[in-house]
Every structure is written in C-alpha cells, then in structure tokens.
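Undergrad: Kindly generate the corresponding structure for this input.
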Amino acid sequence: MMRQAKILLLMLTVFAFSPCKSSAAFGFKFDGSLDKPAISKAYFEGDFHRVLPPLEAWRTSRATKIREDSIFVYKYLSVIYAADSTTRNKAESYMVQLLKLMPTIELVDMYISDNIEAIFKDVQGKFLKQQQYVRSHDDLGRVRQDSAFGAPPGTPAAKQNPKRSAQWFFWTAGGVCLVAATAGVYFLLEPTTPAGKKNVIGR
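TA: Below is the predicted model of the structure:
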C-alpha cells in the first residue's frame, strides 16, 4: 500500500508536464517505472526541457530505486546539465554519482560534444585518482599497511618495509662474518713450510 502511494505521488509530480492527460505522465509507465525508450527518444530529438522533469522527479523520489535506473538517470542528467555552462557544477556532481555506480562507464553513445567529453574525462580522472588514494591511504594521509597499492611511486625501498630491510642487513652481515671466520681458521690450522709456503701433499 505504501509503495503504491509513493508511485502515485511520483506520477502526479510530473503529470503536469505530460502533453496527454489521458495517459501516464511522460517518462513513466502506468506501473510507475521509467519509460526509458520515451526519454531516450526525446533526448535525441533535443527536447531536453521535456526530459528533465521525469528524470529529476525520479531522482528526488523516495521510492525504491533499481541500480540500472539510477545509472540511466544520472547518465542523462549529467549530459543535459553539462550542455549548459550555468549548471556545470550540477553536471559534475551527477557525473560523480554515475561513476560511483559504474566507474567504467563512457558517454560515447550519447553523441556528446567535445566540450562535454572533456568535462566528463576530467571528472572521471579525478574520481579514479580519489578512489585510489582513499584505498591506499588513511584519513591522515598515511599509506595503509594492508594496501594493495603499496608505497607511493618514488618511495625508497627502505621506507617501504623498514623491518624487512633490517633483517636483510643482519643476515648479510652475519654471512660475511661467518665466511671470514672460516677462512681465518683454515689458514691458522693448515701446516706451512719454513719458508712460509703451503706444504702441498704429494710433493
């Protein structure tokens, strides 16, 4: 009952934008779901003013949302708002929401301009960089010990794992001392000739 009431309220919100009062509000089907084909058709015809109301009504509604519908809505809102310089900030915000849902998504199928493509690539680059940083650093900017990315590029090996470097030093030093001690004992115990030369057996 509650879900039906939410769907009815959502449809009433955009009903005023529908050119035909005897049918469902534009952008929605009778069951309250998005009419994606109708929205896409209006978008590619350049009728942005008709597309925005159902997309924003769906975004602001409290009805349970499907992930695929969210991707669809943020994708179209990103492009439409990016086409207007006065709403660029809103477009970038929606692009971030889109990338959170689908980090690998592209907008090539939207037939966007070079300017909108540049905006999206800039937002996408910053988003991926931010996500990588968050995964490899804590809130204070320190590299996480369990990070799969390891230390940042250019970090000296000793700083990456000081404990391992110290262990390597002690093992190496111990090996050198052992070899030196063995060689010293060998030369001290081996008999020599009066002239100081080694006494070779068989001669």
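
Undergrad: from here on, contacts and neighbour counts on C-alpha atoms
TA: Will do.

Undergrad: which stretches of this structure have low pLDDT?
TA: Along the chain, segments meeting pLDDT under 70 span 1-23, 147-203.

Undergrad: can you list the domain ranges for this protein.
TA: 2-152, 156-203 (automatic domain parsing).

Undergrad: How about the contacts made by residue 93?
TA: Listed by C-alpha atoms under 8 Å, 6 or more residues apart in numbering, the contact set of residue 93 reads residue 78.

Undergrad: buried residues in the strand or helix carrying it?
TA: If you go by DSSP states H and E, residue 93 is part of helix 88-101. Using 16 or more other C-alpha atoms under 10 Å as the test for burial, helix 88-101 gives 88, 91-92, 94-99.

Undergrad: could you dump these to JSON lines with distance to residue 133?
TA: Listed next are those as JSON lines, based on distance: C-alpha to C-alpha, whole Å:
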{"residue": "88", "distance to residue 133": "25"}
{"residue": "91", "distance to residue 133": "23"}
{"residue": "92", "distance to residue 133": "20"}
{"residue": "94", "distance to residue 133": "21"}
{"residue": "95", "distance to residue 133": "19"}
{"residue": "96", "distance to residue 133": "16"}
{"residue": "97", "distance to residue 133": "18"}
{"residue": "98", "distance to residue 133": "19"}
{"residue": "99", "distance to residue 133": "16"}
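
Undergrad: so which of those residues comes closest to residue 122?
TA: Closest approach to residue 122 among the buried residues of helix 88-101 (C-alpha to C-alpha): residue 92, at 9.4 Å.

Undergrad: just the helices in the protein please.
TA: Counting by DSSP state H, one finds helices in the chain at the ranges 2-15, 36-44, 48-60, 67-82, 88-101, 114-136, 157-160, 162-189.

Undergrad: Please point out which parts of the third one sit buried.
TA: It refers to helix 48-60. Within helix 48-60, the residues that count as buried by 16+ other C-alpha under 10 Å are 48, 50-55, 57-59.

Undergrad: what does the second one give?
TA: Within helix 36-44, the residues scored as buried using 16+ other C-alpha under 10 Å are 39-40, 42-43.

Undergrad: Residues touching that helix, excluding its own?
TA: If you take C-alpha under 8 Å, 6+ apart as the criterion, helix 36-44 is touched by 26-27, 48, 50-51.

Undergrad: For residue 108, the count of nearby residues, please.
TA: 9 (other C-alpha atoms under 10 Å).

Undergrad: shouldn't residue 91 be in contact with residue 77?
TA: Yes - using C-alpha atoms under 8 Å, residue 91 makes contact with residue 77 at a distance of 6.9 Å.

Undergrad: about what we covered before: generate a markdown table for the contacts of helix 36-44, with distance to residue 128 as supplementary columns.
TA: Compiled in a markdown table, those are given as follows (distance: C-alpha to C-alpha, whole Å):
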| residue | distance to residue 128 |
| --- | --- |
| 26 | 35 |
| 27 | 32 |
| 48 | 29 |
| 50 | 33 |
| 51 | 29 |
